[in-house]
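**Student:** When you get a sec, could you give me coordinates for this:
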Amino acid sequence: MKTIRLTMAQALLKFLDNQYIQIDGQERKFVKGVMGIFGHGNVTGLGEALEQDKGSLQFIQGKNEQGMAHAAMAYAKQNNRLEIFACTSSIGPGALNMVTAAGTATVNRIPVLFLPGDIFACRQPDPVLQQIEDPADYTISANDAFKPVSKYWDRISRPEQLITAALNAMRVLTDPVDTGAVTLSLPQDVQCEAYDYPAEFFAKRVHYIERRTLSQGALDRAVQAIRGKKRPLIIAGGGVHYSLAVKELIAFAETFQIPVTETQAGKSAMPWNHPLYMGAIGVTGSLAANRLAKEADLVISVGTRLADFPTASKSAFQHPDVSFLNINVSSFDAMKLNALMAVADAKEALTALQEALGRAGYESAYPAEELKAEKLAWDQEVDRLYAMELPDGLSQTRVIGEINASLDPSDVIVCAAGSLPGDLHRLWRCSSPNTYHMEYGFSCMGYEVSGALGVKLADPGREVYAFVGDGSFLMLHSELLTSIQEGRKINVLLLDNHGYQCIHNLQRGHGSQGFGNEFRYRSADTNRLTGDYVPVDFSLYARALGVKTYSVRTIDELKEALKSAKEQTVSTLIEIKVLPGTNTDGYESWWRVGVAEVSESEKVHQAYDTMRQKLEVAKEI
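**Tutor:** Residues are numbered from 1 along each chain as shown. A predicted model of the protein is given here:
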């Protein structure tokens, strides 16, 4: 048997550089490169291997481990999970910084490979710098924190263990059902140890994504379920994009005249001006979608995990005979809401269902005028919000409307947390697929700027815009500098509303007067954060990094800034002052949060009573 003598770190890179993925006969390289920040736990092992590597892996220097890992996740998401970056850090704090990003990737079902350095396998220098010691279990290190947020976790304690660990890592990373964060912990001494690896371990390896077809039994049951219903409603999830099933979704809806709604991950699957497009659904949904959901007798979900937002905490569907048909490649997601399970690839399932229902002559029973009227009313509401003028400053909806009108249809927007995801889900008008990049599985503050960099790396020919509030920007914006370093221009649209106004609104909506969520000075009178707003010049902040910045207070200034930003060749930031509380809310939806059963506030008592009433109509399955 032919062997190649390499260190474990060198062997890992050589292996990663020869992994490919194939779907529908189209083959592509799976691992683009490695993002990393070096420390004593990885610089002389994996770092040395990267320095000497003669392969095609690209190295990108991160500025914050969580930020670079979020960029890697965004890169994979924008590539429909068909291409990834690995992320490496030192031990201790560097590794722990990536745990949040690992959770974000796993919740969203996005493949990211984490390669944190680890303590010495030989244990001779223990406790090494940054080592966490557990007197009851000396095998534990900081990297054990990755276990609950990883879909696969392993520690390479001997160099030959890499062979099975690397193969298992690829198995999970390329699996549409089980994908998410994969963590290979790399003890710093083992990274440098050599082994005679079999040459075949480094041969080109193609991982095939086999589209799972709908079984005949499942197809027959699904057809029977749909034929018996008059008012079906489609919920399009992220699986529509990952399955490359956008055309099939639209064809299916058009053939049977079924209205389409979208989750955050599914948004942009159907153009906003399509007559069957009813907008976002659920807590952040449109009035048209939520009204149709209440009257739907069948809900057909395609590629969604049916979290609490699209289901309005299971209160969205109120027809007495409503049933659910879940098309999902994952049986775990397909069974939710006690649904009829159609465990299959979305593209395959929609095609098979369209053919079978066509032969059966099925068509929904919606009056054409009803759908037309619902859509028209919602489009007019969006127009109203986009044109909203306030005497004291800019409303958030007016700003979003102007940006929507100024961007090209192929431009990509990125967002994750705060009040912006709700307004963008409801109001943003997408004309093309894969132009709406929202991380809302974890709604992780700080994803926005890093995510924009990841999208730009994945799709350098497009303009990419990060929508971010001042709270999220302050939490994590380090990869803005990486975008400058890499020459990958991104645009940051920073809406400054003086704090965590999304949660401030949530507080007040449930009886509170508002506490601890605005960026105010501490008051000497109350000893609380009730003084004036703390002024921050975000444009000056970003300018120090080499970013082209703008500070706007009017719509005319915003228009000019957007026009100028588009012409720049370096990353830009537009600081936009907006009035707090000018986001959207309601539209016949509800979101369940815990409300205090005992309180000195009568408003809190009222909020608790309202919650109990809403629970009576929510599904308990």
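**Student:** residues near residue 360, how many?
**Tutor:** 12 (other Cβ atoms under 10 Å). Yep, even glycine has a C-beta here, placed from its N, CA and C like the rest.
**Student:** residue ranges for the helices of the stretch 351-500 of the chain, please.
**Tutor:** Along the stretch 351-500 of the chain, the stretches classed as helices by DSSP state H, counting those that start in this stretch are 368-386, 396-406, 420-427, 447-458, 470-475, 479-486.
**Student:** With just CA atoms, put the shortest one into CSV.
**Tutor:** Taking Å, rounded to 0.1, in the frame of the first residue of the first chain, the C-alpha atoms of helix 470-475 are listed here in CSV:
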residue,chain,number,x,y,z
ASP,A,470,-27.1,50.0,16.1
GLY,A,471,-27.3,47.3,18.8
SER,A,472,-26.3,44.5,16.5
PHE,A,473,-23.5,46.6,14.9
LEU,A,474,-22.0,47.3,18.3
MET,A,475,-22.1,43.7,19.2
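**Student:** which strands and helices sit next to it?
**Tutor:** helix 447-458, strand 491-496 (3 or more Cβ pairs under 8 Å, 6 or more residues apart in numbering; DSSP states H and E).
**Student:** about what we covered before: looking at the helices of the stretch 351-500 of the chain, which is buried most?
**Tutor:** helix 447-458 (a mean of 30; mean count of other Cβ atoms under 10 Å).
**Student:** Tell me which residues are up against the host helix or strand of residue 217.
**Tutor:** Using DSSP states H and E, residue 217 falls within helix 216-227. The contact list for helix 216-227, computed with Cβ atoms under 8 Å, 6 or more residues apart in numbering, reads 214, 232, 298, 300, 323, 325, 340-344, 349, 352-353, 356-357, 360, 362.
**Student:** What are the buried residues along that helix?
**Tutor:** 218, 219, 221, 222, 223, 225, 226 (16 or more other Cβ atoms under 10 Å).
**Student:** Go through the residues you listed and name the one nearest residue 139.
**Tutor:** Each of the buried residues of helix 216-227 was scored against residue 139 by Cβ to Cβ, and residue 218 proved nearest at 44.4 Å.
**Student:** returning to that earlier point: just the buried ones among the contacts of helix 216-227, please.
**Tutor:** Applying 16+ other Cβ under 10 Å to the contacts of helix 216-227 flags 214, 232, 298, 300, 323, 325, 340-344, 349, 352-353, 356-357, 362 as buried.
**Student:** and these, which of them are in helices?
**Tutor:** Those of those mapping onto helices are 349, 352, 353, 356, 357, per DSSP state H.
**Student:** Show me the domain layout of the chain.
**Tutor:** What automatic domain parsing lists as the domains of the chain is 3-208, 216-375, 387-496+536-577, 499-533+591-621.
**Student:** Output these as CSV; include the columns distance to residue 585.
**Tutor:** As requested, the domains of the chain are exported to CSV (distance: least, Cβ to Cβ, whole Å):
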stretch, distance to residue 585
domain 3-208, 25
domain 216-375, 9
domain 387-496+536-577, 8
domain 499-533+591-621, 7
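**Student:** could I get these as TSV with mean pLDDT?
**Tutor:** Shown next, in TSV, are these (pLDDT from 0 to 100):
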stretch	mean pLDDT
domain 3-208	97
domain 216-375	97
domain 387-496+536-577	97
domain 499-533+591-621	86
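**Student:** thinking again about what came up before, which one of the ones in helices among the buried ones among the contacts of helix 216-227 is nearest to residue 524?
**Tutor:** Nearest member of these to residue 524, counting by Cβ to Cβ, is residue 349, at 63.7 Å.
**Student:** who's sitting farthest from the centroid in this structure?
**Tutor:** residue 1 (44.8 Å; Cα atoms, centre = their mean).
**Student:** and that residue, how far is that from residue 268?
**Tutor:** Here the criterion is Cβ to Cβ, to the nearest Å. By it, residue 1 lies 50 Å from residue 268.
**Student:** Which strand residues bridge residue 324?
**Tutor:** Assessed by DSSP bridges, residue 324 has beta-bridge partners residue 299.
**Student:** which residues sit in contact with it?
**Tutor:** 298, 299, 301, 317, 336, 337, 338, 339, 340.
**Student:** quick one: which of the residues you listed sit in strands?
**Tutor:** 298, 299, 301, 340 (DSSP state E).
**Student:** wait, doesn't the second one sit right on residue 232?
**Tutor:** Okay, so that is residue 299. Yes. Look at residue 299 against residue 232 with Cβ atoms under 8 Å: they come within range, at 7.5 Å.
**Student:** Now that we have the ones in strands among the contacts of residue 324, can you turn them into CSV and tack on distance to residue 371?
**Tutor:** Converted to CSV, the ones in strands among the contacts of residue 324 look like this (distance: Cβ to Cβ, whole Å):
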residue, distance to residue 371
298, 16
299, 16
301, 19
340, 24
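**Student:** now, among those residues, which is nearest to residue 240?
**Tutor:** Checking the ones in strands among the contacts of residue 324 one by one against residue 240 (Cβ to Cβ), the nearest turns out to be residue 301, at 10.4 Å.
**Student:** count of neighbours near the closest one?
**Tutor:** 30.
**Student:** just checking, it touches residue 232?
**Tutor:** No. In this structure, residue 301 is not within contact of residue 232 by Cβ under 8 Å, at 11.0 Å.
**Student:** Wasn't residue 206 part of a strand?
**Tutor:** Yes. Assessed with DSSP: H, G, I helix; E, B strand; the rest coil, residue 206 lies in a strand.
**Student:** tell me the contacts of residue 543?
**Tutor:** Counted by Cβ under 8 Å, 6+ apart, residue 543 has contacts residue 549.
**Student:** That one and residue 64, how far apart?
**Tutor:** 20 Å.
**Student:** same check, this time on residue 604
**Tutor:** 38 Å.
**Student:** Between these two, point out the one with more neighbours.
**Tutor:** The neighbour comparison of residue 604 against residue 64 (other Cβ under 10 Å) goes to residue 64, with 21 against 17.
**Student:** Could you say which helix or strand holds the closest residue to residue 375 other than its chain neighbours?
**Tutor:** Counting by Cβ to Cβ, 6 or more residues apart in numbering, residue 288 is the residue found nearest to residue 375 once chain neighbours are left out, at 5.8 Å. Using DSSP H and E, residue 288 sits within helix 287-295.
**Student:** what's that helix packed up against?
**Tutor:** Helix 287-295 packs on strand 260-262, strand 277-280, helix 368-386, going by 3+ Cβ pairs under 8 Å, 6+ apart.
**Student:** possible to save those as a markdown table with distance to residue 521?
**Tutor:** Below are the helices and strands packed on helix 287-295 laid out as a markdown table (distance: least, Cβ to Cβ, whole Å):
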| stretch | distance to residue 521 |
| --- | --- |
| strand 260-262 | 42 |
| strand 277-280 | 37 |
| helix 368-386 | 32 |
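**Student:** The ones you listed: which one's closest to residue 330?
**Tutor:** Closest among the helices and strands packed on helix 287-295, using Cβ to Cβ: strand 260-262, at 19.0 Å.
**Student:** The helices of the stretch 351-500 of the chain into JSON lines, with extra columns for distance to residue 553?
**Tutor:** Converted to JSON lines, the helices of the stretch 351-500 of the chain look like this (distance: least, Cβ to Cβ, whole Å):
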{"stretch": "helix 368-386", "distance to residue 553": "19"}
{"stretch": "helix 396-406", "distance to residue 553": "11"}
{"stretch": "helix 420-427", "distance to residue 553": "19"}
{"stretch": "helix 447-458", "distance to residue 553": "22"}
{"stretch": "helix 470-475", "distance to residue 553": "15"}
{"stretch": "helix 479-486", "distance to residue 553": "23"}
